[in-house]
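Undergrad: pasting the sequence and the predicted model now:
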Amino acid sequence: MNRLWASMLLLGLGYGVLSGRSGQVTEAVLSGAADGVELCLAMLGVMALWTGILEVGEKAGLIRRITQRLGPALRFLFPELPEGHPALAAISTNFAANFLGLGWAATPAGLTAMEELGRLEENRRAGRASGPARARGEASSEMCTFLILNISSLQLLPMTILAYRQQYGSLSPTSIVGPSILATALSTAAAVVFCRWMGRKRN
């Protein structure tokens, strides 16, 4: 990915210089940098607010309650995950953050969930005396399911996109809420069907 972005940047700069538009390229780079800083400052407020709310919710036991409420759904999605496993709380936090459209705030919980699922797979591999062995570093079915659901996550409030639209002067930043809910609901449904189908096929 780094090579791809570096190649695109070098090609753009090279084309600008060769086409005699080096001045416009320089202006675009400077203005883009300024816009990036302004956008980050705007996003910082939104993310600080909702990350703080998630932290308060965790301290108040809200995440534990969400995990309990999501219990049937989590057992359906992750049937091989042991009851009370630490990954469940991280998965619930990640789903709650994504549900609110907080992709950045969901990332730490997502990384924690992947670490816990990775430890679980290592323990399974160590205790597997017979049968087909997975290659070291191969993702487990739970890790694949979580990744797919994380990518396709249902969003009630796409806060990140709303902040973008507000920053760039949209006349109606919230007009995308309805289409966003519909699109992410369909993508999540497709992800659930795919994960369950692959799980049965694998078994």
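TA: That came in fine, so what should we check first? In this text, all values refer to a predicted model and were calculated from it rather than measured experimentally.
Undergrad: every contact and neighbour count from this point should use C-alpha atoms.
TA: Will do.
Undergrad: any low-confidence regions in the chain?
TA: 46-47, 50, 104, 128-137, 201-203 (pLDDT under 70).
Undergrad: where along it do the strands fall?
TA: Applying DSSP state E to the chain gives no strands.
Undergrad: pull the longest helix from it.
TA: In the chain, taking DSSP state H as the definition, the longest helix is helix 22-59.
Undergrad: quick one: list the elements packing against that helix.
TA: Applying 3 or more Cα pairs under 8 Å, 6 or more residues apart in numbering; DSSP states H and E, one finds that helix 22-59 makes contact with helix 2-18, helix 103-127, helix 159-167.
Undergrad: centre of the chain to the longest one, how far?
TA: Its chain's average C-alpha position is 14 Å from that of helix 103-127, according to Cα atoms, centre = their mean, to the nearest Å.
Undergrad: could you give the angle of it to helix 159-167?
TA: Between helix 103-127 and helix 159-167, the angle comes out at 160 degrees (axes from the mean of the first three to the mean of the last three Cα atoms, to 10 degrees).
Undergrad: packing partners of helix 103-127?
TA: Using 3+ Cα pairs under 8 Å, 6+ apart: helix 103-127 touches helix 22-59, helix 86-99, helix 141-151.
Undergrad: can we see that at 7 Å?
TA: Contacting helix 103-127 under the criterion 3 or more Cα pairs under 7 Å, 6 or more residues apart in numbering; DSSP states H and E are the following elements: helix 86-99.
Undergrad: do the same with the shortest one
TA: Packing partners of helix 159-167 (3+ Cα pairs under 7 Å, 6+ apart): none among the helices and strands.
Undergrad: can I get that helix as PDB, trimmed to CA atoms?
TA: This file holds the C-alpha atoms of helix 159-167, laid out as PDB (Å, rounded to 0.1, in the frame of the first residue of the first chain):
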ATOM      1  CA  MET A 159     -20.700  10.300  12.100                       C
ATOM      2  CA  THR A 160     -17.500  10.300  10.100                       C
ATOM      3  CA  ILE A 161     -19.200  11.100   6.800                       C
ATOM      4  CA  LEU A 162     -21.500  13.600   8.500                       C
ATOM      5  CA  ALA A 163     -18.400  15.400   9.900                       C
ATOM      6  CA  TYR A 164     -16.900  15.400   6.400                       C
ATOM      7  CA  ARG A 165     -20.000  16.900   4.800                       C
ATOM      8  CA  GLN A 166     -20.300  19.500   7.500                       C
ATOM      9  CA  GLN A 167     -16.700  20.500   7.100                       C
END
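Undergrad: now it: buried residues?
TA: In terms of neighbour count (16 or more other Cα atoms under 10 Å), helix 159-167 has its buried residues at 159-166.
Undergrad: got it, and stretch 181-189?
TA: Neighbour count says stretch 181-189 has 181, 183-185, 187-189 buried, by 16+ other Cα under 10 Å.
Undergrad: swap in stretch 27-45?
TA: 39, 43.
Undergrad: save the buried residues of helix 159-167 as CSV, and put in distance to Gly84 too.
TA: Shown next, in CSV, are the buried residues of helix 159-167 (distance: Cα to Cα, whole Å):
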residue, distance to Gly84
Met159, 31
Thr160, 32
Ile161, 34
Leu162, 36
Ala163, 36
Tyr164, 38
Arg165, 40
Gln166, 41
